Structures are given as C-alpha cells and as structure tokens.
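1. the following block contains a protein sequence and its predicted model.
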Amino acid sequence: MPTGGAVLTLIKWLLAILIFALALAVGAQNAQPVAVNYLIAQKTFSVGQWLGIAFALGAVLAFLVLGTQCWLQRLKIKALQKKLRSMSKDA
C-alpha cells in the first residue's frame, strides 16, 4: 500500500505530464514560424517548438533550484541528527 508521500509524488508527476501534453497539443495547433534574435544569431522555429523549449528550460531550472534546496535541507537534517545523537550520548 503506497504511503501518502508516494501518492503525492505520483500526483505531481501526472500533473507535470498532463501540462506537458497540453503544451504539445497547443503547440501542434500553432505552426506559425517565429524568429527570435539573439545577440549573435537568429533562429526561426514554430510557436510549438518555442513552447516546448520554454517548458523544458523551465523544468530544468526548477529541478536545479528545488533539487539544490532539497539537497541542502537533507545535509542540514543529517547534521542536526548527528548533533542530537552526540547530545543524547552526553546526557
């Protein structure tokens, strides 16, 4: 039987997949080319491709930021557990 955390994780993944599928559906209906000028180059893609690129970059950025925060919190928890164990041995 899955725990509450596992169910919540599954719901989050399903929501992300649903949003991605919705972005693909909207992008498939918008095939007009769009040119974007960078400082040194210019690229032309369809609206759907730009939507997919923006979604992917947002997902990667969110993963990096939230993953880093989660990792730092785990390190803090381990340090606090170690401190608690040492304090309980002293008492």
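-> Sure, I can see it.

2. in the protein, spot the helix with the most residues.
-> In the chain, assigned by DSSP state H, the helix with the most residues is helix 47-90.

3. now that one: mean pLDDT?
-> When the per-residue pLDDT values of helix 47-90 are averaged, the result is 90.

4. who does that helix touch, helix- and strand-wise?
-> Under the contact definition 3 or more Cβ pairs under 8 Å, 6 or more residues apart in numbering; DSSP states H and E, helix 47-90 sits against helix 4-29, strand 33-37. All C-beta atoms are positioned from the backbone trio N, CA, C, and that covers glycine.

5. which one of these lies nearest to Thr68?
-> Evaluated over those, closeness to Thr68 peaks at helix 4-29, with 18.1 Å, by Cβ to Cβ.

6. tell me what that closest one is packed against?
-> Helices and strands in packing contact with helix 4-29 are listed as helix 47-90; criterion 3+ Cβ pairs under 8 Å, 6+ apart.

7. how many other residues sit next to the closest residue to Phe55 other than its chain neighbours?
-> In space, not counting the residues next to it along the chain, Phe55 is nearest to Ala23; the distance is 5.1 Å by Cβ to Cβ, 6 or more residues apart in numbering. Applying other Cβ atoms under 10 Å, we find 16 other residues in the vicinity of Ala23.

8. state the distance from Ala23 to Leu8.
-> Ala23 sits at a distance of 23 Å from Leu8 (criterion: Cβ to Cβ, to the nearest Å).

9. go on, Val65?
-> Here Val65 is placed at a distance of 20 Å from Leu8 (Cβ to Cβ).

10. ok, Trp50 next?
-> Noted for Trp50: a distance of 32 Å to Leu8, by Cβ to Cβ.

11. now do Lys78
-> When Cβ to Cβ is applied, the distance between Lys78 and Leu8 equals 23 Å.

12. check Leu72 too.
-> The gap separating Leu72 from Leu8 is 21 Å, by Cβ to Cβ.

13. mind listing what's buried in stretch 14-27?
-> Ala23, Gly27 (16 or more other Cβ atoms under 10 Å).
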